[in-house]
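**Student:** Here is the input, now give the coordinates:
(chains A and B)
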Amino acid sequence: MDSNEYVFYIMGLSDVVEFVLNAGAEVCIHIAIIEEVWRNLMKPAHKTAFLNILLSPGIRIYTDKLPVALRDKYAGLGLRGGDILIAAFTEFCHADILITEDENFNVLKGTTNVPFEVLSYQQLKKRRGL
Amino acid sequence: MSSVRELLIELLGGKEEAEREAWRLMLLIYGSLLKKAEFLLSILSGIPSERDITALKDPEAIIRELKKTRQKLWEEKYQNWFE
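**Tutor:** Take a look at the predicted model:
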């Protein structure tokens, strides 16, 4: 899940975290995403909500360095800056889906050598028949 | 958490020794979560909170602001996360 999904959940704008964890999925999160979200939270209640998510058994935290080959691959596919890390990490942790509301990742849709799907939360729900 | 401890004490016999054993079991039960919490706290203690993005109400604006943080982090350190 991309950082925007966590923020929208914490703000009460979506129930994406509950939805994914209740479906029994394992959520992979890289330390970079944790830092991105944390830097943008100030209120104790929001920080608590984020910590609560991170402490869930279904959340797996990664601090691994990623292969440069993945950086080059996703830069080559048209991603820029930190988005390259998010896509590289999604492949690195063998995730099936990258959930994001960020349309910049749409460049990956329909690309044959990307081993995961890019879906917004609404698209994910639709996929699950909801 | 205390109700789990009380249940354990009762299950173990409800005496002084049972209380000690209950604490031992509590550490086994919660140990992995404590480890995760310690790890998280050690990471987060080095990260400053810079702004309250939740003050923004427009989802598009939130995505844009998060991207600014992402770009800043990329310039500062993201490149170190590849090898």
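**Student:** residue contacts, the spatially closest residue to A:Met42 that is not a sequence neighbour?
**Tutor:** Residue nearest to A:Met42 in three dimensions, not counting chain neighbours: B:Asp52, with 3.8 Å by CB to CB, 6 or more residues apart in numbering or on different chains. C-beta here means a position set from N, CA and C on the backbone, and glycine is covered the same way. Taking CB atoms under 8 Å, 6 or more residues apart in numbering or on different chains, we find B:Asp52 in contact with A:40-43, A:46.
**Student:** Select from those the one having the most neighbours.
**Tutor:** A:Asn40 (25 neighbours; other CB atoms under 10 Å in any protein chain shown).
**Student:** mind showing which ranges of chain A have poor pLDDT?
**Tutor:** Nowhere does chain A drop to pLDDT under 70.
**Student:** Tell me which stretches of it form strands.
**Tutor:** A:27-30, A:59-62, A:97-99, A:117-119 (DSSP state E).
**Student:** Hmm, A:Glu101 is touching A:Leu119, no?
**Tutor:** No. Shown here, A:Glu101 and A:Leu119 do not form a contact pair, counting by CB atoms under 8 Å, at 10.0 Å.
**Student:** Mutual contacts of these two, please.
**Tutor:** Common contacts of A:Glu101 and A:Leu119 (CB under 8 Å, 6+ apart): none found.
**Student:** neighbour-wise, which of these two wins?
**Tutor:** Taking A:Glu101 and A:Leu119 together and counting by other CB under 10 Å, A:Glu101 has the greater number of neighbours (22 against 18).
**Student:** Run a quick neighbour tally on the closest residue to that one other than its chain neighbours.
**Tutor:** Take A:Glu101 and drop its neighbours on the chain: the residue closest to it by CB to CB, 6+ apart is A:Asn4, 4.9 Å away. Using other CB under 10 Å, the number of residues around A:Asn4 comes to 28.
**Student:** and what of the one 10 residues further on?
**Tutor:** Here the neighbour count serves as a burial measure; for A:Ser14 (other CB under 10 Å) it reads 20.
**Student:** Over to the one 3 residues further on?
**Tutor:** A count of nearby residues for A:Val17, using other CB under 10 Å, gives 24.
**Student:** where's it relative to chain B, distance?
**Tutor:** 15 Å (CB to the nearest CB, to the nearest Å).
**Student:** so how far is stretch A:48-58 off the chain centroid?
**Tutor:** Mean-position distance between stretch A:48-58 and its chain equals 15 Å (CA atoms, centre = their mean, to the nearest Å).
**Student:** what's it in contact with?
**Tutor:** Around stretch A:48-58, the neighbours that count as contacts under CB under 8 Å, 6+ apart are A:6, A:9-10, A:17, A:20-21, A:24-27, A:29, A:34, A:37-38, A:41, A:59, A:61, B:33, B:36-37, B:40, B:44.
**Student:** what residue is smack in the middle of chain B?
**Tutor:** By CA atoms, centre = their mean, the mean C-alpha position of chain B lies nearest to B:Ala37, the distance being 4.2 Å.
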